[in-house]
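Engineer: structure, please.
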Amino acid sequence: MTTRTDTSASPLIESRDDLLSVFSKGEKPRQNWRIGTEHEKFVYRTSDYRAPSYDEPGGIRDLLMGMTEFGWEPVIENGNVIALSGQDGTISLEPAGQLELSGAALQDLHQSCRESGRHLEQVKAIGDRLGLGFLGLGMWPDKTRAELPIMPKGRYKIMLNHMPRVGTLGLDMMLRTCTIQTNLDYSSEADMVKKFRVSLALQPVATALFANSPFTEGKPNGFKSFRSHIWEDTDPHRTGMLPFVFEDGFGYERYCDYALDVPMYFVFRDGQYIDAAGLSFRDFLDGKLSVLPGEKPTIADWTDHLSTAFPEVRLKSFLEMRGADGGRWGRICALPALWVGLLYSDTALDAAWDLCKDWSIEEREALRHAVPRQALEASVPGGGTVRDLAARVLDIAAAGLTDRAQLNASGDNEGGFLDPLRDVVATGKTFADRLLERYHGDWNGDVSRVYDEFSF
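Structural biologist: Okay, the predicted model is just below:
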């Protein structure tokens, strides 16, 4: 989740144009389009697979401080190091100590994959010294909520208190899941709209290709991506497939209205998070927020608020693709490859839209609901399975990457980063399927084997 690293003064919101400017200022010419990759991983003690607390010797705080050896600068909240900033972006903590890299905005996938590799080398170097390991899955395979620590971040305390009021699985989302995300640019409002529609409609394909969370508390949970299912019962006011995105006239104005209707979580003032859970940002604009009577919001407050909506695709000053489970290094590189290939080539974007433009709201919702459990075997509108559709999507993405002609020193384009996904389609087996095979096979029902065999 977003960590605020800039605490400088922010201008007051004077008009609706100020709200819309956050989106319109994200517009960039094609030559300035960039790629941002975010990925989370679980941290565990190698001695007993326990999730370390923040304060314990060799725990999460020591891990963060160890990373300063590589030039990372601490971000402090209430005397606690809760994030790091550096040339490769920001390292932050999820609520139960999951470690996230929000990577820098980079020009091509070769750079993005090298960045991920650098980060993993660094955390493993510090982890080896502290007795910590790192696991790339979509959900803790064995931990109960009660077994997990809570990180000392003010916004998390507010969210943890609020989640049980609005859904049954929100605490699992916060404490027990990891994801990979990709952040991409747009050139205009019309370009944003087309990319939003394509990526939102095809997000279930990414969920299936990256399905990697089949266990809960040491047993199969009946899903391929339980992480994705969790979002279906987290908070209906701020999650989902956003049917209005496909309506005529959709653009910045309509997304702004949606975001204004998302209930607030907090306001950040003087280094502290003020609990505003369930309150209205519209009231805030009118100076009628009960926890800050008479005070009006700043642009930074609006940016914070936009980060508390969690649809399958999210708009800020860029588009965020949010449908994938966490995974290991090759998958971290594969997710941006998928979406860059589809969205950064006009020909590929048109071809991808042709795949899904005729789907109804009901068909999109049905697909999104089926994929967490069925993954590649789910049926798609018009016939066939997600596996069939994924093969076509990957061909389009590969052609899009070829169009980009971004070559590394060996003369290779970016298409090779799709190979882990091509393997999923060719074999018909998601990573979740492979984990389940091991569980029912040579693991003999012992999920703890995942730590030795599938850590970074």
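
Engineer: now name the helix or strand holding Lys41.
Structural biologist: Element membership for Lys41, per DSSP states H and E: strand 35-45.

Engineer: report the buried residues of the helix or strand just after that strand.
Structural biologist: Tracing the chain C-terminally past strand 35-45 and defining elements by DSSP H and E, one meets helix 60-67 next. Buried residues in helix 60-67, counted by 16 or more other C-beta atoms under 10 Å: Ile60, Arg61, Asp62, Leu63, Leu64, Gly66, Met67. (C-beta placed from N, C-alpha, C; glycine too.)

Engineer: out of those residues, flag the one nearest to Thr144.
Structural biologist: The shortest approach to Thr144 among those belongs to Ile60, at 18.9 Å (C-beta to C-beta).

Engineer: I figured the closest one hits Gln98, correct?
Structural biologist: No: applying C-beta atoms under 8 Å as the test, Ile60 and Gln98 come out as separate, 9.7 Å apart.

Engineer: overlap in contacts of the two?
Structural biologist: Shared contacts of Ile60 and Gln98, defined by C-beta atoms under 8 Å, 6 or more residues apart in numbering, comprise Val43.

Engineer: strands along the stretch 301-450 of the chain, start to end?
Structural biologist: 310-311, 313-315, 319-325 (DSSP state E, counting those that start in this stretch).

Engineer: ok, now the stretch 151-300 of the chain?
Structural biologist: Under DSSP E, counting those that start in this stretch, the stretch 151-300 of the chain gives strands at 179-184, 215-216, 219-220, 239-240, 266-269, 272-275.

Engineer: for the ones you listed, give me JSON lines that also has mean pLDDT, mean neighbour count and distance to Val205.
Structural biologist: Shown next, in JSON lines, are the strands of the stretch 151-300 of the chain (pLDDT from 0 to 100; neighbours: other C-beta atoms under 10 Å; distance: least, C-beta to C-beta, whole Å):
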{"stretch": "strand 179-184", "mean pLDDT": "98", "mean neighbour count": "24", "distance to Val205": "14"}
{"stretch": "strand 215-216", "mean pLDDT": "98", "mean neighbour count": "21", "distance to Val205": "23"}
{"stretch": "strand 219-220", "mean pLDDT": "98", "mean neighbour count": "14", "distance to Val205": "23"}
{"stretch": "strand 239-240", "mean pLDDT": "98", "mean neighbour count": "20", "distance to Val205": "17"}
{"stretch": "strand 266-269", "mean pLDDT": "97", "mean neighbour count": "19", "distance to Val205": "34"}
{"stretch": "strand 272-275", "mean pLDDT": "97", "mean neighbour count": "16", "distance to Val205": "36"}
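
Engineer: nearest to Ser47, out of those strands?
Structural biologist: strand 215-216 (21.3 Å).

Engineer: which strands border the closest one, and is each parallel or antiparallel?
Structural biologist: Strand pairing for strand 215-216, using DSSP bridges, gives strand 219-220 (antiparallel).

Engineer: coming back round to it: what's the most buried one of the strands of the stretch 301-450 of the chain?
Structural biologist: Mean neighbour counts were compared across the strands of the stretch 301-450 of the chain using mean count of other C-beta atoms under 10 Å; the top stretch is strand 319-325, at a mean of 26.

Engineer: next, the angle strand 35-45 makes with that strand.
Structural biologist: With axes from the mean of the first three to the mean of the last three C-alpha atoms, to 10 degrees as the basis, strand 319-325 and strand 35-45 are set at 40 degrees to each other.

Engineer: nearest residue to the residue of the chain most remote from its centre other than its sequence neighbours?
Structural biologist: Here the chain reaches farthest from its C-alpha mean at Gly294, the gap being 35.1 Å by C-alpha atoms, centre = their mean. Leaving aside its sequence neighbours, Gly294 sits nearest to Gly287 (C-beta to C-beta, 6 or more residues apart in numbering; 5.3 Å).

Engineer: would you check how far apart the one you found and Gln122 are?
Structural biologist: In this view, Gly287 and Gln122 are 46 Å apart by C-beta to C-beta, to the nearest Å.

Engineer: now do the buried residues in stretch 408-415.
Structural biologist: For stretch 408-415, burial by neighbour count (16+ other C-beta under 10 Å) applies to Asn413, Glu414, Gly415.

Engineer: chain center to stretch 395-406, what's the gap?
Structural biologist: 23 Å (C-alpha atoms, centre = their mean, to the nearest Å).

Engineer: pull the residues that contact that stretch.
Structural biologist: Applying C-beta under 8 Å, 6+ apart, the contact partners of stretch 395-406 are 107-110, 337-345, 347-349, 351-352, 355, 413-415, 417-418.

Engineer: give me that answer again for 6 Å
Structural biologist: Asp108, Leu338, Gly341, Leu342, Ser345, Ala348, Ala351, Ala352, Asn413, Glu414, Gly415, Leu418 (C-beta atoms under 6 Å, 6 or more residues apart in numbering).

Engineer: list the residues that contact Trp72.
Structural biologist: Leu84, Gly86.

Engineer: and the pLDDT at it?
Structural biologist: Looking at Trp72, its pLDDT reads 98.

Engineer: quick revisit: reformat the strands of the stretch 151-300 of the chain as a markdown table; add distance to Arg254.
Structural biologist: Below are the strands of the stretch 151-300 of the chain laid out as a markdown table (distance: least, C-beta to C-beta, whole Å):
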| stretch | distance to Arg254 |
| --- | --- |
| strand 179-184 | 20 |
| strand 215-216 | 37 |
| strand 219-220 | 41 |
| strand 239-240 | 15 |
| strand 266-269 | 25 |
| strand 272-275 | 29 |
